[in-house]
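*Asks:* only geometry, no sequence info:
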C-alpha cells in the first residue's frame with residue numbers, strides 16, 4: 001500500500017500536467033506568418049466560408065496553396081502542388097514550431113509607413129485564378145491633396161504587373177478581375193482613393209502605399225477620362241466602359257501599378 005500511494009501521486013501529477021497543455025485553436029493560426037527557419041517561404045492561414053485554406057509565398061511570388069486541418073496540436077497541410085504534410089505544432093512564445101524545428105514561423109507585423117516596402121505580397125502569381133506577369137519597374141503619376149487642400153501630382157517610382165483579360169462582347173471579365181483585385185487590396189488595408197479614381201482607373205491607398213488598376217488596349221488611354229467617381233471596382237462601374245466600344249471583343253490588358261508616395 002505504501003508503494004501504491006507514491007505511484008498514484010505521480011500518475012495524478014502526470015495527468016494534471018497533460019490537462020494543462022492547451023490545444024491550439026484555429027483562430028490562433030489565422031494570419032500571415034514569416035519564415036525564420038527551415039521552410040520554403042511565408043504562410044498565410046485564413047478561413048473563408050467555413051473552409052480553412054493557406055497560401056505559401058515568398059516576396060512577390062506565390063508558388064503554392066491549399067487547405068489545412070487542425071486536430072488538437074496536429075496540423076495537416078493539403079498542398080495543391082505537392083504531397084500532404086502532417087506536423088505536430090506548438091508555440092514557443094510568439095514562434096510557431098512545426099515538428100522538431102522543421103519549420104519556424106513568427107507573426108508578420110505591419111511595418112510603419114517609413115519602412116513599408118508597399119509590395120503586394122503573393123498577388124502576382126495566380127491569385128484567385130488570375131495569372132500575372134513578373135513585376136517590372138515602372139513609374140506612374142499619383143494625385144494627392146496637400147495640407148492646404150490643394151491638389152498636387154507626384155511621380156511614383158514603382159512597379160507594375162499585368163494580366164490579359166479576354167472580352168466576350170462585354171466588359172464583364174474586366175469588371176470581375178478589377179473586383180477580385182480590389183477585394184484583395186481591402187484585406188491588406190487599402191481603401192479607395194477618390195483623387196485617383198475615374199470611370200476607368202481605380203486608385204487605392206494605405207498610408208503612403210498606393211495602387212492603380214489601369215486597363216489598356218491599343219489606342220485607349222485611361223487618362224483621357226477625367227471624371228472622378230467612387231467604387232469603380234464594382235461591376236456596374238466598370239461596365240460603364242461599354243460606352244467606349246459598343247461590342248468589345250479581343251483582349252485587354254489590366255495593369256496593376258504600385259509603389260510608395262514619398263510625401
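*Replies:* That came in fine, so what should we check first? Owing to the predicted nature of the structure, the values given are computational and were not obtained by experimental measurement.
*Asks:* where do the helices sit along the stretch 151-263 of the chain?
*Replies:* Listed in chain order, the helices of the stretch 151-263 of the chain (DSSP state H, counting those that start in this stretch) span 172-187, 235-239.
*Asks:* list the buried residues for the first one?
*Replies:* Read it as helix 172-187. By neighbour count on 16 or more other CB atoms under 10 Å, the buried set for helix 172-187 is 172-175, 177-179, 181-182, 184-185. Glycine gets a C-beta too; all of them are placed from N, C-alpha and C.
*Asks:* got these as CSV, with distance to residue 198 and pLDDT columns?
*Replies:* Shown next, in CSV, are the buried residues of helix 172-187 (distance: CB to CB, whole Å; pLDDT from 0 to 100):
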residue, distance to residue 198, pLDDT
172, 19, 90
173, 20, 90
174, 15, 91
175, 15, 92
177, 17, 91
178, 13, 92
179, 17, 91
181, 17, 90
182, 15, 91
184, 21, 81
185, 17, 85
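*Asks:* which one of the residues you listed is nearest to residue 78?
*Replies:* residue 184 (22.3 Å; CB to CB).
*Asks:* quick one: low-confidence parts of this protein?
*Replies:* For the chain, applying pLDDT under 70 flags the ranges 1-21, 59-60, 109-117, 121-128, 218-248, 263.
*Asks:* residues in contact with residue 56?
*Replies:* 40-43, 62-66, 79 (CB atoms under 8 Å, 6 or more residues apart in numbering).
*Asks:* repeat that for 6 Å
*Replies:* Shown in contact with residue 56 (CB atoms under 6 Å, 6 or more residues apart in numbering): 41, 43, 64.
*Asks:* same list (those) but as JSON lines, adding neighbour count.
*Replies:* As requested, these are exported to JSON lines (neighbours: other CB atoms under 10 Å):
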{"residue": "41", "neighbour count": "16"}
{"residue": "43", "neighbour count": "24"}
{"residue": "64", "neighbour count": "19"}
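*Asks:* looking at those residues, which is nearest residue 90?
*Replies:* Closest to residue 90, out of all of the contacts of residue 56 and judged by CB to CB, is residue 43, at 16.0 Å.
*Asks:* circling back to that earlier point, take the contacts of residue 56 and write them to CSV, including distance to residue 147 and secondary structure.
*Replies:* Shown next, in CSV, are the contacts of residue 56 (distance: CB to CB, whole Å; DSSP: H, G, I helix; E, B strand; the rest coil):
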residue, distance to residue 147, secondary structure
41, 41, coil
43, 40, strand
64, 45, strand
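*Asks:* how about the residues you listed in a markdown table, adding distance to residue 200?
*Replies:* Formatted as a markdown table, the contacts of residue 56 follow (distance: CB to CB, whole Å):
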| residue | distance to residue 200 |
| --- | --- |
| 41 | 35 |
| 43 | 36 |
| 64 | 35 |
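*Asks:* quick check, nearest of those to residue 158?
*Replies:* Using CB to CB, residue 41 comes nearest to residue 158 of the contacts of residue 56, at 23.3 Å.
*Asks:* burial of the residue nearest to that closest one when sequence neighbours are not counted, as a residue count?
*Replies:* Distances taken as CB to CB, 6 or more residues apart in numbering place residue 58 nearest to residue 41, at 3.6 Å, with adjacent residues excluded. Residue 58: 14 surrounding residues under other CB atoms under 10 Å.
*Asks:* relative to residue 95, which of the contacts of residue 56 is nearest.
*Replies:* residue 43 (13.3 Å).
*Asks:* element containing the closest residue to that closest one other than its chain neighbours?
*Replies:* Take residue 43 and drop its neighbours on the chain: the residue closest to it by CB to CB, 6+ apart is residue 33, 4.8 Å away. Using DSSP states H and E, residue 33 maps to strand 31-35.
*Asks:* which strands and helices lie in contact with that strand?
*Replies:* Strand 31-35 sits against strand 42-48, strand 103-107, with contacts defined as 3 or more CB pairs under 6 Å, 6 or more residues apart in numbering; DSSP states H and E.
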